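*Asks:* just to be clear, the model below is a prediction. Sequence and coordinates:
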Amino acid sequence: LRDLAKIKKILLDLENAIDSVELLPNGSGVTKPGSFIFELFAQAQITFQNKSAILEALDQILSALSERSGIFTNTSGLQKVADILEIVFCITPPEGTTPHTMGQNVTKHYKVHVHPDNSGKKKQQRTDLWTSSVTRKQGKILSYWCFSPGYSMAELVRQGV
């Protein structure tokens, strides 16, 4: 139960970190160097030092939810978070490597892009007494792109794919 509370706080902090990213005035997204992903995750207390504990807690939560049935047991969102952490933190920094050095390596191959989530605008909005007074803030989508096919292929080989 304590792990669940920690994961909830981490996810809320990550959501706030993503929401705090300033977008361009014209409403389009903003692209940043790959190392920016570590800054965002650090705001949610997700680092190389604690990633294993977070992934283990996510795995325990996913396992517990998968054993249950019902409408509140969809685990796809949590699984995506675990997958993202695996991708971002797939490289274990060598002993003595600073976060700055790791950031420089990631900057060479990756870009971070944050843009508004416009998917809700496509759906027809239902108005009734229950939902008309509810205002939802527009979310943001975080993308993490690799622009180096060689780097990606080397990573696949390292994983035995």
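*Replies:* Now that the structure is in, tell me what you want to look at.
*Asks:* buried residues in stretch 63-77, which are they?
*Replies:* residue 75 (16 or more other Cβ atoms under 10 Å). Where you see a C-beta, it was placed from the backbone N, CA and C, and this is true even at glycine.
*Asks:* how many other residues sit next to residue 45?
*Replies:* A count of nearby residues for residue 45, using other Cβ atoms under 10 Å, gives 14.
*Asks:* secondary structure class for it?
*Replies:* Three-state assignment for residue 45 (DSSP: H, G, I helix; E, B strand; the rest coil): coil.
*Asks:* now do residue 142
*Replies:* Quick answer, by three-state DSSP: residue 142 is strand.
*Asks:* so what's it up against?
*Replies:* Counting by Cβ atoms under 8 Å, 6 or more residues apart in numbering, residue 142 touches 18, 40, 112, 113, 114.
*Asks:* and the second one, what does it touch?
*Replies:* This points to residue 40. Residues in contact with residue 40 (Cβ under 8 Å, 6+ apart) are 14, 17, 18, 21, 112, 142.
*Asks:* then the first one?
*Replies:* Under the criterion of Cβ under 8 Å, 6+ apart, the contact partners of residue 18 comprise 40, 114, 140, 142.
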